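Peer 1: the sequence and its predicted three-dimensional model are supplied below.
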Amino acid sequence: MVNEKLGQGSNLAAAPKSEMRSSGQGDVPSFGTGSSYEDDVAVAIRAVTLASRLCQAVQRKLLSKETQAKADKSPVTVADYGSQALVSWVLQRESLVDRAALRFSMVAEEDSEDLRTEDGSAMLERITQLVNETIAADGSFGPVTLSKDDVLTAIDRGSSPGGPDGRHWVLDPIDGTRGFVRGDQYAVALGLLENGKVVAGVLGCPNLPLASIGPNGAVSSDKSTGCLFAASKGAGTTMHTMDGSLTAQKVHVSDVCDSKWAAFCESYEAAHSKQDLTANIARILGVSAPPIRIDSQCKYGAMARGDAVIYLRFPHAGYREKIWDHAAGSIVITEAGGEVFDAAGKALDFSKGRFLDLEHGIVATNSHLKDAVLAAVQTAIKEEQNVPKGESSSHL
Ligand SMILES: Nc1ncnc2c1ncn2[C@@H]1O[C@H](COP(=O)(O)O)[C@@H](O)[C@H]1OP(=O)(O)O
Ligand SMILES: [Mg+2]
Ligand SMILES: [Mg+2]
Ligand SMILES: [Mg+2]
């Protein structure tokens with residue numbers, strides 16, 4: 001029954017029960033994969049689960065005054081800061097490896113600068129209250145109360161520059177802020193880098209349906225939501241229910257070999273990706289299904305269980321990709337048997353600091369389709385470059 005429910009329309013295979021325990025409220029989750037990152041994944045699941053609960057509480061009663069404009073005009077909510085504070089606090093407290101070596105390092109999206117101003121003080125008050133309410137509701141951390149200073153310090157622990165050496169946690173406290181504000185998909189995305197490579201990742205997707213959202217899953221009557229994906233090097237990718245109610249399952253990317261049957265996914269926000277270009281790539285590949293448009297790294301999670309077969313992300317010129325937007329998602333895909341690469345076919349390089357250094361765009365698919373998708377991407381880019389300014393490449 002349990003497996004039937006989680007498996008509906010998805011590429012899920014039951015993992016041996018002895019290998020996994022779910023992350024129920026108050027539990028210390030055990031991943032039990034035997035991988036060398038087992039403890040890191042367990043701490044990351046604990047941190048992401050707690051932060052996701054805070055986000056869920058805020059999204060339920062999202063008030064317009066809880067949104068403020070940042071310099072880049074993207075909406076930032078108390079949940080972004082609260083989520084970052086909680087993840088940072090849990091990691092710092094529980095990550096015994098980093099604590100023992102006194103080398104805790106985190107590369108995270110937000111910083112506390114705006115909260116330290118007079119205008120930010122009411123928001124800081126609200127964040128501190130939310131953080132403390134979330135810790136208290138969990139019940140497993142004992143009687144702890146964070147001060148406003150503790151919250152600011154926790155947020156600012158994410159200011160590491162990252163780089164090619166050592167261990168760095170990589171956090172997007174809410175990925176897909178626009179989806180979050182709209183009441184749609186968002187993710188709490190936490191990766192772990194070791195010497196420039198992603199070795200573990202956890203994606204909390206509180207609004208993602210447990211049933212497939214792919215073309216074949218759209219008719220599912222199961223409306224339950226809340227998934228958490230966990231992956232670590234050599235140990236595969238697992239999907240858990242956010243509330244820990246069902247046994248976790250191993251997931252695998254789709255094994256579709258013919259691109260004409262391959263559904264693709266892309267950003268919900270048209271401004272985030274060149275949808276003319278992605279439509280042309282799909283046309284070249286003979287894909288007939290309309291794109292699945294969802295916000296955030298939930299796309300990577302959905303793909304890891306086979307909802308979509310190709311992910312195309314081609315931001316407009318001048319946009320620089322950050323490592324926290326792909327670290328957790330990319331290992332969730334690669335450990336599920338997929339591939340993530342840029343328009344030159346190169347694997348993503350997380351060793352260059354806070355930004356990804358890549359050749360125009362990010363693509364994910366299964367290993368059967370990699371060559372065909374890469375060829376289509378390169379053809380579509382060439383066509384785009386030959387289109388006179390002002391005309392759309394999809395008209396070719
Ligand atoms: N102009 C932009 N182009 C591409 N991606 C963007 C842009 N602005 C923000 N993003 C980031 O892209 C991701 C959303 O991707 P998607 O469009 O696939 O949902 C988020 O990480 C979002 O940041 P944030 O974490 O602040 O939401
Ligand atoms: Mg942002
Ligand atoms: Mg993001
Ligand atoms: Mg974010």
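Peer 2: Yep, that arrived. Residues are numbered from 1 along each chain as shown. Ligands and ions are numbered 1, 2, ... in the order given.

Peer 1: list the buried residues for stretch 285-305?
Peer 2: Within stretch 285-305, the residues that qualify as buried are 285, 287, 289, 291-305, counting by 16 or more other C-beta atoms under 10 Å. Just so you know, the C-beta spots here come from the backbone N, C-alpha and C atoms, and that holds for glycine as well.

Peer 1: am I right that Ser288 is in contact with Lys260?
Peer 2: Yes: shown here, Ser288 and Lys260 form a contact pair, counting by C-beta atoms under 8 Å, at 6.6 Å.

Peer 1: for the stretch 151-300 of the chain, what spans make up the strands?
Peer 2: Along the stretch 151-300 of the chain, counting by DSSP state E, counting those that start in this stretch, strands occupy 167-175, 187-194, 197-209, 225-232, 236-241, 249-251, 264-266, 292-293.

Peer 1: output the ones you listed in a markdown table, with distance to ligand 4 and mean pLDDT appended to each entry.
Peer 2: Below are the strands of the stretch 151-300 of the chain laid out as a markdown table (distance: least, C-beta to the ion, whole Å; pLDDT from 0 to 100):
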| stretch | distance to ligand 4 | mean pLDDT |
| --- | --- | --- |
| strand 167-175 | 4 | 98 |
| strand 187-194 | 8 | 98 |
| strand 197-209 | 13 | 98 |
| strand 225-232 | 17 | 97 |
| strand 236-241 | 22 | 98 |
| strand 249-251 | 24 | 97 |
| strand 264-266 | 18 | 96 |
| strand 292-293 | 18 | 95 |
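
Peer 1: how about these, which one is nearest ligand 2?
Peer 2: Closest approach to ligand 2 among the strands of the stretch 151-300 of the chain (C-beta to the ion): strand 167-175, 7.5 Å.

Peer 1: would you turn the strands of the stretch 151-300 of the chain into a markdown table with distance to Gly337?
Peer 2: Converted to a markdown table, the strands of the stretch 151-300 of the chain look like this (distance: least, C-beta to C-beta, whole Å):
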| stretch | distance to Gly337 |
| --- | --- |
| strand 167-175 | 22 |
| strand 187-194 | 18 |
| strand 197-209 | 15 |
| strand 225-232 | 11 |
| strand 236-241 | 8 |
| strand 249-251 | 9 |
| strand 264-266 | 17 |
| strand 292-293 | 19 |
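
Peer 1: pipe those into TSV and attach distance to ligand 1 per row.
Peer 2: Output for these, formatted as TSV (distance: least, C-beta to the nearest ligand atom, whole Å):
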stretch	distance to ligand 1
strand 167-175	4
strand 187-194	8
strand 197-209	12
strand 225-232	16
strand 236-241	19
strand 249-251	20
strand 264-266	7
strand 292-293	9
